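>>> Quick one: sequence and predicted model below, then my questions.
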Amino acid sequence: MSNVNNYDRIADLYDLYVTAEYDIPFWKKEGLGASEVLEVTAGTGRVSLPLVKQGSRVTAVDSSWKQLQRLQQKAVSEGLQLDIVKADMRDFDLGKTFPLIIIPFQSLQELTDPCDATAALRRVRAHLAPDGRAIVTLHHPSTQTCGDGRLLRLVDESVLPNGNRMLFWLARSYDAEAHIGTSYQIYEEYDVDGLLHRKRLFTPRYRVFERIDIEQRIATAGLRITNAWGGYDWSPLTDESRFMIYELKV
Ligand SMILES: C[S@@+](CC[C@H](N)C(=O)[O-])C[C@H]1O[C@@H](n2cnc3c(N)ncnc32)[C@H](O)[C@@H]1O
């Protein structure tokens, strides 16, 4: 198996720059009434915690122990409970099944070897209750190839607990032949005098899946597509969509 993107390296910064909320209403609606939810690639709980607050019992799986520690700290500080499991999505066995399994934030694409995506989907299949459903999200391939991603953009600026400023810069490159994108994430911490204290580079790689490829892998894993949406507003999946969001059943 190829290596995973090591989010341990930026777990202390993740919540400062990942402030996206565009998909939270979707997950809250889809999670309504689910007694138990398995979130694969839960990270620091951006999606898990709203689902716990809504009444679901959540099991959070992630390969980064530091991301999960952050999630645990946040849950404790808010008086919430959830089950946390450090595991690789390609190879985990929790010994139970779930009525709802989710892979949000297009995180299946963290697996750059396409066979690994099939392996992860097989693990989803193995943990799905007979009448359960899974929801797996990906970027639509058309969104990955447009524009000049190599331009470095200032994406966010925040003030750290020590009063220093953190700037978050982003650029992307895309290898169309290999279907592999690389995200160049640069974090710079400046003190009040504008002196650079720390600079950190994180370069997670991700796979861009063509629709036909991922749909074949879903079938190979023993799952069938019961809904295919193109956005978090439940719009139909078309060639112009931004996302590929699949509802899957056994
Ligand atoms: C972009 S973050 C998304 C986290 C969270 N779901 C969210 O919406 O903010 C991707 C997460 O996937 C996790 N991850 C990457 N490869 C993984 C693997 N092979 N198995 C389990 N988790 C993995 C990373 O550790 C990271 O926490």
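Cool, the structure landed.

>>> Find the least confident helix or strand in this structure, judged by mean pLDDT.
None of the helices or strands of the chain scores lower by mean pLDDT, DSSP states H and E than helix 141-145, at a mean of 81.

>>> neighbours around the closest residue to the ligand within the chain, how many?
Nearest residue of the chain to the ligand (Cβ to the nearest ligand atom) works out as residue 43 at 2.5 Å. Quick note: C-beta positions are derived from backbone N, CA and C, even for glycine. Neighbourhood size, residue 43 [other Cβ atoms under 10 Å]: 23.

>>> ok, the closest residue to it other than its chain neighbours to residue 165 distance?
Nearest non-adjacent residue to residue 43, counting by Cβ to Cβ, 6 or more residues apart in numbering: residue 67, 4.8 Å away. For residue 67, the distance to residue 165 equals 24 Å [Cβ to Cβ, to the nearest Å].

>>> re the thing from before, ok, the residue nearest to residue 43 touching residue 44?
Yes. Residue 67 lies in contact with residue 44 (Cβ atoms under 8 Å); the separation is 5.3 Å.

>>> joint contacts of the two?
Jointly contacting residue 67 and residue 44 under the rule Cβ atoms under 8 Å, 6 or more residues apart in numbering are 11, 14.

>>> tell me the mean pLDDT over whatever helix or strand residue 102 lives in?
Per DSSP states H and E, residue 102 falls inside strand 98-103. Mean pLDDT, strand 98-103: 98.

>>> Check stretch 201-214 too.
pLDDT averaged over stretch 201-214 gives 97.

>>> What of stretch 154-172?
Rounded mean pLDDT across stretch 154-172 is 93.

>>> Equivalent analysis for stretch 55-68, please.
Mean predicted confidence for stretch 55-68 is 98.

>>> And that stretch, what's buried?
56, 58, 59, 60, 61, 62, 63, 64, 66, 67, 68 (16 or more other Cβ atoms under 10 Å).

>>> wait, isn't the fifth one in contact with residue 42?
Pointing back at residue 61 there. Yes. Taking contacts as Cβ under 8 Å, residue 61 lies within contact range of residue 42: 6.2 Å.

>>> Name the residues linked to residue 84 by a beta bridge.
With DSSP bridges as the criterion, residue 84 is bridged to residue 60.

>>> if I look at it, how far off is residue 91?
Taken as Cβ to Cβ, the span from residue 84 to residue 91 is 18 Å.

>>> same check, this time on residue 97
Counting by Cβ to Cβ - residue 97 and residue 91 are separated by 17 Å.

>>> For stretch 75-91, measure first residue to last.
26 Å (Cα to Cα, to the nearest Å).

>>> actually stretch 55-71, sorry about that
By Cα to Cα, one end of stretch 55-71 lies 17 Å from the other end.

>>> Any part of that stretch near the ligand?
Yes. Stretch 55-71 comes into contact with the ligand (Cβ under 6 Å from any ligand atom), by way of 62, 63, 64, 67.

>>> can I see the domain layout of this structure?
For the chain, automatic domain parsing gives the domain ranges 7-141+209-249, 153-206.

>>> Buried deepest among those domains, which one?
Neighbour counts (mean count of other Cβ atoms under 10 Å) averaged over each of the domains of the chain peak at domain 7-141+209-249, with a mean of 18.

>>> what about that one, how long is it end to end?
For domain 7-141+209-249, the first-to-last residue distance is 30 Å (Cα to Cα).

>>> what does stretch 87-97 give?
Start-to-end, stretch 87-97 (Cα to Cα) is 16 Å.

>>> from the middle of its chain, how far away would that stretch be?
17 Å (Cα atoms, centre = their mean, to the nearest Å).

>>> Before I go, just wanted to say thanks for your time.
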